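# this one's structure only:
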Ligand SMILES: [Zn+2]
Ligand SMILES: [Zn+2]
């Protein structure tokens, strides 16, 4: 394990709730999801549990980690356009916004990592970096779009970006009525159970998986590389976020399709990119050179 120490950075002001900029519709959405997630155990069904895992994989792993982050933000590999659109739709299902703003804000994070202009650095406070930052209406919104102009130039991605909420809203009645129909066949299911488990609880789990990358993986863990920020490798965030917790490796080699670079840094998203390459759906994978691998 490396002894790389966090970079000595000057202290930043702590940020808390900034009332004049609170994005109330985002706060309401996140609050409703959490309240509904708390209700989920009271409406447990086995099919609801299975669907939750399927949608965690689809929206959190395929959608956010593989597509929004490694494909759209960093272009770590290439894929056919039609497949890129399908992957992007999966990302929309995570309720983390359309791809352009997500990608733009993340690019700003890389450009100004752990500086005062970083949209989400724990140096402004752990809670700020984890969740508070995204509940504020702020300049990063437009700056984010500016940093993702390449996406907005693509007509397909532009349409998906502007209508990202449609598949999310449509999924609620689809799951509800499918769950009711499944229950009528006599299996362990109900419409409400499917909505609470496969939408609310699933979205809350994916939220915190993504958010811990921004908060915990800039706070605790070890470092393979002496980057200019405080990014760290943290195994339990890698578990929650499908390999994104090897975040110090990622900050060192942002375009790499693999974030786990040592044999024990398990990165199931990279395995899936390799699997896509095997069947011809991914090519030109970007990887660190052998001499750039952790020593
Ligand atoms: Zn980071
Ligand atoms: Zn990144």
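Looks like it came in fine. Computed from a predicted model, the values in this text were never measured in an experiment. Ligands and ions are numbered 1, 2, ... in the order given.
# When you work out contacts or count neighbours from here on, use the C-alpha atoms and nothing else.
Fine.
# List the buried residues in stretch 176-188.
For stretch 176-188, burial by neighbour count (16 or more other CA atoms under 10 Å) applies to 176, 177, 178, 179, 180, 182, 183.
# same thing with stretch 28-40?
Quick answer for stretch 28-40 (16+ other CA under 10 Å): 30, 33, 34, 36, 37, 39, 40.
# And stretch 149-169, by the same measure?
Going by neighbour count (16+ other CA under 10 Å), the buried part of stretch 149-169 is 151, 152, 157, 158, 160, 161, 164, 165, 168.
# Ok, stretch 61-80 next?
Buried residues in stretch 61-80 (16+ other CA under 10 Å): 61-79.
# where exactly do the helices run in the stretch 101-250 of the chain?
Secondary structure of the stretch 101-250 of the chain (DSSP state H, counting those that start in this stretch): helices at 126-130, 140-146, 149-152, 155-162, 165-184, 191-195, 202-215, 235-240, 247-252.
# And the first one, how far out from the chain middle?
Read that as helix 126-130. 15 Å (CA atoms, centre = their mean, to the nearest Å).
# I'd like to check what contacts it. Which residues are they?
Contacts with helix 126-130, where a contact means CA atoms under 8 Å, 6 or more residues apart in numbering, come from 15, 16, 119, 120, 121, 122, 208, 211, 212, 214, 215, 216.
# Distance to residue 109 and pLDDT for those - can I get that in a markdown table?
Output for those, formatted as a markdown table (distance: CA to CA, whole Å; pLDDT from 0 to 100):
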| residue | distance to residue 109 | pLDDT |
| --- | --- | --- |
| 15 | 16 | 91 |
| 16 | 19 | 89 |
| 119 | 6 | 93 |
| 120 | 7 | 95 |
| 121 | 8 | 95 |
| 122 | 12 | 96 |
| 208 | 18 | 98 |
| 211 | 13 | 98 |
| 212 | 14 | 98 |
| 214 | 9 | 97 |
| 215 | 12 | 97 |
| 216 | 15 | 98 |
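# Pull out the buried residues from those residues.
When the contacts of helix 126-130 are checked for burial by 16+ other CA under 10 Å, the buried set is 15, 119, 120, 121, 122, 208, 211, 212, 214, 215, 216.
# quick one: the fourth one and residue 215 touch, right?
Read it as residue 121. Yes. Between residue 121 and residue 215 there is a contact under CA atoms under 8 Å: 7.0 Å.
# just to revisit the earlier point, just send the buried residues of stretch 149-169 back as a markdown table, with distance to residue 86 and pLDDT too.
A markdown table is the format used below for the buried residues of stretch 149-169 (distance: CA to CA, whole Å; pLDDT from 0 to 100):
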| residue | distance to residue 86 | pLDDT |
| --- | --- | --- |
| 151 | 15 | 95 |
| 152 | 17 | 94 |
| 157 | 10 | 98 |
| 158 | 14 | 97 |
| 160 | 10 | 98 |
| 161 | 13 | 96 |
| 164 | 12 | 96 |
| 165 | 15 | 95 |
| 168 | 14 | 94 |
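# could you redo the residues you listed as JSON lines and give each row distance to residue 57?
Shown next, in JSON lines, are the buried residues of stretch 149-169 (distance: CA to CA, whole Å):
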{"residue": "151", "distance to residue 57": "24"}
{"residue": "152", "distance to residue 57": "26"}
{"residue": "157", "distance to residue 57": "21"}
{"residue": "158", "distance to residue 57": "24"}
{"residue": "160", "distance to residue 57": "20"}
{"residue": "161", "distance to residue 57": "21"}
{"residue": "164", "distance to residue 57": "18"}
{"residue": "165", "distance to residue 57": "19"}
{"residue": "168", "distance to residue 57": "16"}
